[in-house]
Every structure is written in structure tokens, then in C-alpha cells.
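one predicted model, sequence on top.
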Amino acid sequence: MRVKWAADQVAGDEYDVPRRPGDDDSLVVSLGKGLGLLLLLVPWYGLRHPGTTVVLVATVWLWASHGLAALLAAYAALTIALAAWSFWHRSSFTRFVANPFRSRVRGAWVYRRRWRSAMHLCELSKGWGAERYAPHVIRVRCDAFADRVRVKLLPGQCPSDLDGKTEALASTFGALGCRVQVDKPGVVWLVFTRRDPLVDVVPALEPAASVDLTGVAVGTRDDGQPWSVGLQSTHVLVAGETGAGKGSVVWSVLRGVAPAIRDGYVQAWVADPKGGMELAPGRALFSRFTHEPEPMVALVEQAAELVTERANRLRGIARQHTPTPVEPFVLLVVDELAYLTAYLPERDLSKRLASALSVVLSQGRAVGVSVLAAVQDPRKDIVAMRDLFPVRIALRLTEASQVGMVLGDGARDRGARCDQIPASMPGTGYVLIDGQREPVRVRAAYVSDDDIAATCRTYPAPATGLGASMVEGEVLP
Ligand SMILES: Nc1ncnc2c1ncn2[C@@H]1O[C@H](COP(=O)(O)OP(=O)(O)OP(=O)(O)O)[C@@H](O)[C@H]1O
């Protein structure tokens, strides 16, 4: 593809415009060439865009055969029909009319018109001899929130070449943000966010009647899809500075599994090092709950004993634990993991904790014991354990360097800007989703005190959980 810098409309001053063959043609020759090109382009356009062609041909035919009044009447009738459609069935209207129209207009006006210059100025074009080449736009899909541009990369380019360019691309095309998603080898989707679907608080989600531990709905993704977190056969780490909204992730998970708690298939064992302030309101859901240092270590040790006992019993019989009311899935919730791993007052407690936690994290997944842990400060102590948490959620973080500590190296370059999440959007963060190398932006649902109280009333743990009668600070059987 030949790049004509001079013809591209980019905001900013042009510089170093190379001369091209034909730039010095006389007016007559240029007009002749233009006419020839038009004759070739009309049939090509007609074949490529049959819908538009039908509308154009119908318009010309109506005008020529029935006059302007008939044409205006037909357009008025069409407008009324579309308005009625949009009123009565918004979703199908959006899908079949609004989004394709948006895609066509924005695809031509915003992206294709400025594409090559933008690629050059973002340093994504390449030179070969005297020619310059830019990645090719295959398709543009737009909805009310985002534009998705499918792009064929140049030979010699790979998706990671776009890492670190996303901010420049977003700014070039006037978007709030840009993410790269690999489609297939050599082809990527650039997702430009125009309106943030996560700005509004996501209300608490209703728990599903039948709980699926492989995907518990906890919030919304920025493409409008539900965001689910798997608990079975995994451990989940939620990292975020104070006030980042870790509580909303933990509460959304607990609310999501509440029906299974009531039916005895899931038990929540909860350690709240913040003196019980955060999680105590949900004690009716918990089978075990504690907030004192020694009992918290004892709770993790009990989980480790359960893991060892189940592993010994199930070895050779089953490769995967199936939750039942007799042998429930245990979710060990630790509200501030760093407190247990780094700040326990006594050295002996720290040692006991480290050894019990390593058993639970390394062997618990196969025997139905999973950890859901929150952490404010993802520094060294946590990083040592980070790899034992297959699911990691990074909310707002104080420093850019912390993103990699939670999501792994390069995650920030691939779009996880946790340090730029505004304080006004607690519960917002980035996650890595299976099969996708790019982090996905998400927001957890906000579970209010009233929602917690209602969840406790509707789904209390069975009598063995001793919910409301628990003595705080003690580990109960
Ligand atoms: N998903 C959410 N949507 C809207 N508001 C939220 C959400 N999550 C939390 N908040 C609000 O943000 C504030 C801080 O939330 P939260 O206590 O969960 O943060 P945290 O990360 O647990 O902080 P800390 O580590 O200090 O306990 C709360 O007042 C809460 O009302």
C-alpha cells in the first residue's frame, strides 16, 4: 500500500512531504486520471456495499419516475418506520441499524481517512525501498461505547509492537483508551473506548439460582459483557490500594455463591485482619469467622489440615473434588493477606502461617479448598506467592510498577493502567482472562450494607455454620 502523506488529514503541521510520481501532472491529465478512477470505482463500490447501492438506486429511480414529492414522502415513511422500530425494539434496532450505520460513518471518517498518517506518526508504518507501508484496516465495528478496528499487521510486525503505543493511538483517534486484542496470527483488533460503560456504579447482582463455581458473576466488563470469576480449582488474589474497592469484589463473590452456602455446598471460612470491620456484617453466611491474629493463623492451619486429609482420601479415587453438602467446597477468604504474611506480631505465628498457607495454595485447588485474598500492597511478600494465584485482579494501584507485580510483566504496556484508575471509580480494575493476552477492564458490582443484610437473611449458612451465634475472635468448628 502506498502512503501519500500529503493527502491525509492529520491535525498538526505537515513536514517533509515526499514528491510522488504524478504530483507534477497537469490539470487535464489529473482530471482524466480521476475520471478513469471514478469509472472503475463505481462498480467496485456497488459490489462491495450492496445495501448503500440499493438505497442510492431506489432514490434515483423514485425521483426520476415519481418526482421529488414522492421521494420525500418515501423518506418520511422510512424515518417514521425506523423511529417506531427503535422505540419498540431498541436492541434489534441498535444491532441492525444504529451500529452498522455508526460503523460505516466512523470507519470512513474517523479511521480510514486518517489511518496512514496516524500509523506513520505513531511509528507503526514501515519503509521498503522508496515506499512506505502502514498496517491495513480490514473492518471497523462500532457501538455506543467503543470502536473495534480489525487490523492486518505488516510483515515483520507482531502484536507486541503495539504495546506502549496504545496511549498514542487513543489520543490520535480521540478515544478515552485503546486496547489490543489478538484475533489470529498477524491480525489484531484495536479497541478504542469512546464512552466508559463502567462510569456508573454497577448495582449488586442477583445471585444465580444455581451457582456455577467455575464462573461467579461479580460485575461488568468494559465491553458490556458480564464479568465472572472462577473459584473452583483456582485461587483468587485481589490487589488494590486503600479505597480501591477490594471489598466490592469480595462481597460480590460471597453474594454470588450465597445460594450454595445456604444449601451447604459451599462454606466460607473468613479471616478479617481489619478487626472484623469489613466482613463481620456477613457473619451469618460464614461457617468460620475470625479477626484476631492467633485464631486467623489457626483458621488457615485448619484449611491446610482439611486439604491434607482430603488429598489423602481422594488420592487415586478422584482427580477433582465434587462439592456436596457432606463435603462442601471451602472458600477461605482473607481480607488483608499482607497482614498475615508480613505483619503478624509474633515470628512463630508468621512461620505457622507461611507453612499452612503454602499447603492450601499449592494443594487446595484439586480438593475443593480455594483462597480468595485481598491485598493492599503488592510488594515482595506477596509477589513470592503471586504465582500460586492463577486468577489475579488488579484494582487501583499507587504506582505503575505495581501493575506488573500483580498481573505479570508487560501487563501495563498491554493496557492495564491500574495507576490511572480514578479514585471516583472504586471497584474498577483489570483482569487477565483465559486465552487473551490483553488485560480486560472490569468493574465489580457495589454490594451495599442493605444488600449484605438481605443476602444474610435470604441465604444464611446452615446450622453447622453457626452464623449469627459466632463469637468474634474465635475460630469456630
Ligand atoms: N464497586 C464499587 N462501586 C461503587 N463504589 C464502591 C465500589 N466498591 C467500593 N466502593 C466504595 O468505595 C469505598 C472503598 O471501598 P472498599 O472499602 O471496598 O475499598 P478497599 O479496597 O477494601 O479499601 P481498604 O483496603 O482500605 O479496606 C467504599 O466507601 C465503598 O462505598
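Okay, I see it.

just to check, residue 255 is in contact with residue 203?
No. Counting by C-beta atoms under 8 Å, residue 255 stays clear of residue 203, with 11.5 Å between them. Every residue, glycine included, has its C-beta placed from N, CA and C.

more neighbours, the two?
Ranked by neighbour count (other C-beta atoms under 10 Å), residue 255 and residue 203 place residue 255 first, with 27 against 11.

mind splitting the protein into its structural domains?
Listed by automatic domain parsing, the domain ranges of the chain are 43-88, 94-195, 216-475.

what segments of the stretch 251-400 of the chain are helices?
Using DSSP state H, counting those that start in this stretch, the helices found in the stretch 251-400 of the chain span residues 293-314, 337-342, 347-363, 380-386.

and the longest one, how far from the chain's centre?
Per C-alpha atoms, centre = their mean, to the nearest Å, the displacement of helix 293-314 from the mean C-alpha position of its chain is 34 Å.

same question for the second one.
Its chain's average C-alpha position is 28 Å from that of helix 337-342, according to C-alpha atoms, centre = their mean.

who's in contact with that helix?
Taking C-beta atoms under 8 Å, 6 or more residues apart in numbering as the criterion, the residues outside helix 337-342 that touch it are 237, 271, 273-274, 296-297, 300, 334, 350, 353-354, 357, 373-377, 381-382, 385.

if we can go back for a sec, okay, the helices of the stretch 251-400 of the chain, which one's buried deepest?
Per-stretch averages of neighbours, counted by mean count of other C-beta atoms under 10 Å, single out helix 337-342 among these, with a mean of 21.

can I get the CA coordinates of it in CSV?
Listed in CSV are the C-alpha atoms of helix 337-342, where the atom choice follows Å, rounded to 0.1, in the frame of the first residue of the first chain:
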residue,chain,number,x,y,z
LEU,A,337,-3.2,-11.1,53.1
ALA,A,338,-0.2,-8.9,53.7
TYR,A,339,-1.2,-8.6,57.4
LEU,A,340,-0.9,-12.4,57.7
THR,A,341,2.2,-12.8,55.6
ALA,A,342,4.2,-9.7,56.6
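
what ranges do the strands span in the stretch 201-350 of the chain?
When assigned using DSSP state E, counting those that start in this stretch, the strands of the stretch 201-350 of the chain occupy the ranges 216-221, 226-229, 236-239, 266-271, 286-290, 329-334.

how far off centre is the third one?
Average the C-alpha atoms of strand 236-239, do the same for its chain, and the two points are 15 Å apart (C-alpha atoms, centre = their mean).

are that strand and the ligand in contact anywhere?
No. Strand 236-239 stays clear of the ligand (C-beta under 6 Å from any ligand atom), getting no nearer than 8.2 Å.

renumber starting at 41 from here on
With 41 as the first residue, the last one maps to strand 276-279.

and that strand, which strands flank it?
Pairing partners of strand 276-279, with direction, according to DSSP bridges: strand 409-415 (parallel), strand 431-434 (parallel).

tell me which of these sits most buried.
strand 409-415 (a mean of 26).

how about that one as CSV, C-alpha atoms only?
Listed next in CSV are the C-alpha coordinates belonging to strand 409-415 (Å, rounded to 0.1, in the frame of the first residue of the first chain):
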residue,chain,number,x,y,z
VAL,A,409,-10.4,-25.6,49.0
SER,A,410,-9.8,-22.2,47.4
VAL,A,411,-8.4,-19.0,48.7
LEU,A,412,-9.9,-15.5,47.9
ALA,A,413,-7.4,-13.0,49.3
ALA,A,414,-7.3,-9.2,49.1
VAL,A,415,-4.1,-7.2,49.4
